[in-house]
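>>> Could you work out the structure for the sequence below:
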Amino acid sequence: MDKRGKRKEGWIYGRRPVLETLRAGRREFHELIVPSGPATEETEEMLAIARARRIPVRAAQRGECDRILGQLNHQCCAVRVGGYPYVGVEEIYEAAEADPEAIVLILDHLEDPQNVGSLLRTAEACGVCGVIIPEDRGVLVTPAVVRASAGAAEHLRIAHVVNLAQAMKGLQERNVWLTGLDLTEEAKPYTEIDFRGRCGIVVGNEGEGLGHLVGKTCDFIGLIPMAGQVASLNAAVAGAVALFEAVRQKGAKR
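The predicted structure is shown next:
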């Protein structure tokens, strides 16, 4: 671990996350485990990438995988890798400036790896130019997050920052308009917000919503009208709804 306690090396597990991690090729690779027995199309591709990158390969049965990885849904497929390749926030700024219809996703201290992974999967599907997350009091890109994202996290630019509101102001200086999702008096239905042009979508903490300073920094606050009995949507679902609304509005421009 590094001085902040972040793990530098670990196992990515599950067939799809492993394959996407190998395809992305952004990490250091130390060892690949594949199921013993006849190879599937997926494992054939993994083995081909491993040969090209000279990654040691081990064929293993379920019991051996359980001993190495624990009681996880690993599908007897895993790759031991170096730490996640975060980018600097400046790289996301540059990507946003280069795309007049850029979308940036900002996560305000989310704590559930499933939510973070699901949002990263949606973000990759929507073609976001980057994701910004805080360094503390929230989930970073762990193996569990990569698993929940079905490996999509490996294809994204993700920056972790000390001061989220300051990073948001950096986006605003580059003509990125920021919409936070929250249930406040000034919020208006998300479909009434103009997401055309450069935009950022800010998703708040699962329990507390947007932090005070983060909410104040947003240009708009959007809500998703609810017709049922529950008060709000899961953070990952709410974020996905807003991301795809942005994509819909941008339409052919993207």
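
>>> quick one: E135 and V162 touch, right?
Yes: with contacts defined as CB atoms under 8 Å, E135 counts as touching V162 at a distance of 5.5 Å. All C-beta atoms are positioned from the backbone trio N, CA, C, and that covers glycine.

>>> Between these two, which is the more surrounded one?
A direct count of neighbours by other CB atoms under 10 Å for E135 and V162 places E135 higher, at 15 against 9.

>>> how far away is that one from P85?
From E135 over to P85 the distance is 16 Å, taken as CB to CB, to the nearest Å.

>>> With C76 instead?
Counting by CB to CB, the separation of C76 from P85 is 26 Å.

>>> now swap in A60 and tell me
With the distance defined as CB to CB, A60 ends up 27 Å from P85.

>>> out of those two, which sits in the busier spot?
Set side by side, A60 and P85 give different neighbour counts by other CB under 10 Å, the larger being at A60 (18 against 14).

>>> Could you list everything the more buried one pairs with in the sheet?
P35 (DSSP bridges).

>>> check contacts around it.
The neighbourhood of A60, defined by CB atoms under 8 Å, 6 or more residues apart in numbering, consists of 33-36, 68, 76.

>>> Which one of those is nearest to I12?
I33 (10.5 Å; CB to CB).

>>> tally of neighbours for the closest one?
By the criterion of other CB under 10 Å, I33 has 24 neighbours.

>>> what pLDDT does it get?
The predicted structure scores I33 at 93 on the pLDDT scale.

>>> Just read off the phi/psi values of it.
Dihedral angles phi and psi of I33 (degrees, to the nearest 10) take the values phi -110, psi 130.

>>> May I have stretch 54-61 exported as CSV, CA atoms only?
Written as CSV, here are the backbone C-alpha positions of stretch 54-61 (Å, rounded to 0.1, in the frame of the first residue of the first chain):
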residue,chain,number,x,y,z
ARG,A,54,4.3,-11.9,-21.9
ILE,A,55,2.0,-12.3,-18.9
PRO,A,56,2.5,-15.5,-16.9
VAL,A,57,-0.6,-17.7,-17.1
ARG,A,58,-2.0,-20.3,-14.7
ALA,A,59,-4.8,-22.7,-15.5
ALA,A,60,-6.7,-23.4,-12.2
GLN,A,61,-9.7,-25.3,-10.9
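
>>> mind listing what's buried in the longest helix seen in the chain?
Longest helix in the chain by number of residues, with DSSP state H as the criterion: helix 235-250. Buried residues in helix 235-250, counted by 16 or more other CB atoms under 10 Å: 235-236, 238-243, 245-247, 249-250.

>>> what does it contact?
So helix 235-250 is in contact with 101, 103, 105, 110, 112, 114-116, 118-119, 122-123, 126-128, 179, 181, 190-191, 194-196, 199, 201, 203-206, 222, 224, 232-233, 254, going by CB under 8 Å, 6+ apart.

>>> any low-confidence regions in the stretch 51-200 of the chain?
Under the criterion of pLDDT under 70, none of the stretch 51-200 of the chain is flagged as low confidence.

>>> now the strands for it?
With DSSP state E, counting those that start in this stretch as the definition, the stretch 51-200 of the chain shows strands at residue ranges 57-60, 78-82, 103-107, 130-134, 158-161, 177-181, 188-189, 199-203.

>>> could you dump the ones you listed to CSV with distance to R51?
As requested, the strands of the stretch 51-200 of the chain are arranged in CSV below (distance: least, CB to CB, whole Å):
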stretch, distance to R51
strand 57-60, 8
strand 78-82, 14
strand 103-107, 35
strand 130-134, 32
strand 158-161, 29
strand 177-181, 45
strand 188-189, 53
strand 199-203, 40
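
>>> where do the helices sit along this protein?
Counting by DSSP H, the chain forms helices over residues 15-24, 41-53, 62-69, 89-98, 113-126, 143-148, 164-172, 212-217, 235-250, given from the N-terminal end onward.
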